[in-house]
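J.: no sequence on this one, just coordinates:
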C-alpha cells in the first residue's frame, strides 16, 4: 500500500475510532454530551455562543485528530456541527448522528439528562472537555444548517429501511463480557512488535471483538490497523475499524472490534490481516496474519 493510500486509510480509521471514543465519553456523562461555560458576564458570553459551530480538532483517549485530518473528513462530507439557538434549542451533529437538546443562554449551560461537561469560549473558538476527550469548534455560518438537515433526513431514511431493528436512536450500555482465549494466540513476536490475542470480549457499549495485548519492541512510534477487505469471522466478511498507535518500548491493551457481531459466542474462525506502519511517515513496516479458531 502506498503512503498516500495508507494516509487516507489512517485518517478514516482514526476518525472512526475517534467517533467511537467520543460516543463512549458522551455516554459516560449522560448518554449524550453536556456543556457548561462562562465566568463573569454570563449572558453576554452566552450570546456569543449562539449560532453554528464547526469541529476543527480533538483528542480522545490518546487519539488525536488534527486540523488536516478534519479537513480531509470534511472533503469526504463527514462533519461535526454544533448548533446553539437563541430560542434555547441545541443540536449536535456528530458525523451524521444528530442529537437534539436545549440550552440556557444566560447560564451558558447545555444539558442532556441533567449532566454536564465543560465548554470554554476563547479566541473565537469553543473547546469542549470531558475527561480525556476534548473537541474544538470554530464559528461557522448558517450554511451548516443544511448539513444538519441532510444528516437528519438520512437518519430517517435509514430508520424507515430497518423497521424491525429495535433502534430508538439512543445509545445504551450493556454488560461487559470477557472470555479468555485458552491458550492465548500469539499474532506477532519479533523485533518490531509482540501482539497476543488474550480474550474474546464485549464492552459496555456493545462492541464485540478480540482483546489484544501489544508491545512495541522497536525504537519508533508504530501504528496498526486491519484492512476491511482482509477480515472474515466464521466464513463471513466483516468490516473492522481497528486502529491504535503505540510508543516505542511501551505496551497497550486494545479491543479489536468487528462490525455486525453481537456476541462473543460468534467470534469463531477469525481470519484477518494486521498491518503495522510508521505513525509519522505512514510507510508500511510489516503485516501479520490473525488466525483464531
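T.: It's in. The model shown is predicted, which means the values in this text are computed figures rather than measured ones.
J.: Would you check that residue 283 makes contact with residue 277?
T.: Yes - Residue 283 sits in contact with residue 277 when judged by CB atoms under 8 Å, with a separation of 6.2 Å. From N, CA and C alone the C-beta is placed, and that goes for glycine too.
J.: which of these two has more neighbours?
T.: Neighbours of residue 283 and residue 277, each counted by other CB atoms under 10 Å, are more numerous for residue 277; the result is 23 against 11.
J.: how near is the more buried one to residue 229?
T.: As defined by CB to CB, to the nearest Å, residue 277 lies at a distance of 17 Å from residue 229.
J.: repeat for residue 137
T.: In this structure, residue 137 and residue 229 are 35 Å apart, going by CB to CB.
J.: So those two - more neighbours on which side?
T.: Per other CB under 10 Å, whichever of residue 137 and residue 229 has more neighbours is residue 137, with 23 against 10.
J.: For the more buried one, what are phi and psi?
T.: Summarising the backbone geometry of residue 137 under the convention degrees, to the nearest 10, its torsions are phi -120, psi 150.
J.: For it, which non-adjacent residue is closest in space?
T.: In space, and not counting its chain neighbours, residue 137 is closest to residue 53: 3.8 Å by CB to CB, 6 or more residues apart in numbering.
J.: Would you mind pointing out the helix or strand that neighbour falls in?
T.: Following DSSP states H and E, one finds residue 53 within strand 51-60.
J.: In the protein, where is pLDDT below threshold?
T.: Per-residue confidence of the chain (counting by pLDDT under 70) places the weak regions at 1-46, 61-63, 104, 107-119, 129-132, 157-174.
J.: before we move on, back to that, mind listing the strands the strand holding residue 53 pairs with, and their directions?
T.: Strands flanking strand 51-60 in the sheet, each with its direction: strand 63-65 (antiparallel), strand 80-84 (antiparallel), strand 133-139 (antiparallel) (DSSP bridges).
J.: just those strands: most buried one?
T.: Compared across the strands paired with strand 51-60, strand 80-84 shows the largest average neighbour count, a mean of 24 (mean count of other CB atoms under 10 Å).
J.: Mind checking what helix or strand follows it in sequence?
T.: Going down the chain from strand 80-84, the next helix or strand is strand 89-94, by DSSP H and E.
J.: what about the following helix or strand past that next one, distance to the chain center?
T.: Tracing the chain past strand 89-94, the next element assigned as helix or strand by DSSP H and E is strand 97-104. Mean C-alpha position of strand 97-104 versus that of the full chain (CA atoms, centre = their mean, to the nearest Å) differs by 19 Å.
J.: all strands for the stretch 101-250 of the chain, in order.
T.: If you assign secondary structure with DSSP state E, counting those that start in this stretch, the strands in the stretch 101-250 of the chain sit at 109-111, 118-122, 125-130, 133-139, 177-189, 193-202, 208-216, 222-225, 232-233, 236-237, 243-246.
J.: Quick one, which of these gets closest to residue 253.
T.: Proximity to residue 253, assessed across the strands of the stretch 101-250 of the chain by CB to CB, is greatest for strand 208-216 (5.2 Å).
J.: That closest one - contacts with which helices or strands?
T.: Contact analysis of strand 208-216 by 3 or more CB pairs under 8 Å, 6 or more residues apart in numbering; DSSP states H and E lists strand 177-189, strand 193-202, strand 243-246, strand 251-257 as its packing neighbours.
J.: Can you lay out the ones you listed as TSV showing mean neighbour count and distance to residue 103?
T.: Conversion of these to TSV gives the following (neighbours: other CB atoms under 10 Å; distance: least, CB to CB, whole Å):
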stretch	mean neighbour count	distance to residue 103
strand 177-189	14	37
strand 193-202	20	35
strand 243-246	21	33
strand 251-257	17	33
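J.: Including distance to residue 270, could these go into CSV?
T.: Output for the helices and strands packed on strand 208-216, formatted as CSV (distance: least, CB to CB, whole Å):
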stretch, distance to residue 270
strand 177-189, 9
strand 193-202, 9
strand 243-246, 18
strand 251-257, 9
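J.: For residue 224, find the nearest of these.
T.: Shortest separation from residue 224 across the helices and strands packed on strand 208-216 is recorded for strand 243-246, at 6.2 Å, computed as CB to CB.
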